[in-house]
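[1] Predicted model and sequence below, questions to follow.
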Amino acid sequence: MFEQPSELKGAHVTLELLSEAHIDALEVAVMDGQHFNLWYANVPKPQEMGAYVLNAMEMAKKGNIAYAVRENQTGLVVGTTRYYDVSHEHKRACIGYTWYADAVRRTAVNTECKLMLLAQLFEREKAIAAEFRTHVFNQASRQAIERLGAKQDGILRSHQILKDGSIRDTAVYSILAHEWPSVKNHLLSKFR
């Protein structure tokens, strides 16, 4: 599972396998909006970007495929997204670690990224479920996940201890294989 192509290209964005070559561009992108200052968001600070990318590349060896998101119109790298907690045995994966520069928030970028990732997961890999997780207080992320057509499964209470020592409750959402055709039509309709 997850023998992903080195690149997924859409009309608005291209997903490139994350590499050290993306570090400098991601340091610039993360400054647009400075979402790393949000206590509930898991967004790296510019000075942490090298370690963030190297860790993602190491996790890719275990099937957790990370991508840099390049906006086709400008050619700029505008964020990252990835598959994680990939389970071949259970035919499912989480999609997340997603963050974008403010300039592309609420544009076609996230919709197309998720459309391509979900299509790979359900159509190529024949997964039975895609999962999304976010901090219960991250309303912007929760709304974006819901706009995709994912349904909330529940809240994992006291799920994680964050870097600042606070305890995270995690909102869990999913899209199931039998829901994918409707979700795909919904996402495609956003481009018409």
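    Now that the structure is in, tell me what you want to look at.

[2] CA atoms for contacts and neighbours, from now on please.
    OK.

[3] which residues are in contact with stretch 152-171?
    W39, Y40, R133, T134, H135, V136, R142, E146, V172, Y173, S174 (Cα atoms under 8 Å, 6 or more residues apart in numbering).

[4] where does the residue lying farthest from the centre of the chain fall, phi/psi-wise?
    Centroid-distance maximum for the chain: G165 at 24.1 Å, with Cα atoms, centre = their mean. Listed backbone geometry of G165 is phi 90, psi -10, with angles given as degrees, to the nearest 10.

[5] rewinding a little: out of the contacts of stretch 152-171, flag the one nearest to E89.
    Among those, S174 lies closest to E89 (Cα to Cα), at 17.7 Å.

[6] Strand partners (parallel or antiparallel) of the strand or helix carrying the closest one?
    For S174, the host element (DSSP states H and E) is strand 167-176. Note on strand 167-176: by DSSP bridges, its sheet partners are strand 129-135 (antiparallel), strand 151-161 (antiparallel).

[7] Break down the protein into its strands, ranges please.
    Listed in chain order, the strands of the chain (DSSP state E) span 7-9, 13-17, 66-71, 77-87, 92-100, 129-135, 151-161, 167-176.

[8] Return the most buried member of the ones you listed.
    The highest mean neighbour count among the strands of the chain, using mean count of other Cα atoms under 10 Å, belongs to strand 66-71: a mean of 25.

[9] Can you tell me which helices and strands it packs against?
    Packing contacts for strand 66-71, counted by 3 or more Cα pairs under 8 Å, 6 or more residues apart in numbering; DSSP states H and E, involve strand 13-17, helix 49-60, strand 77-87.
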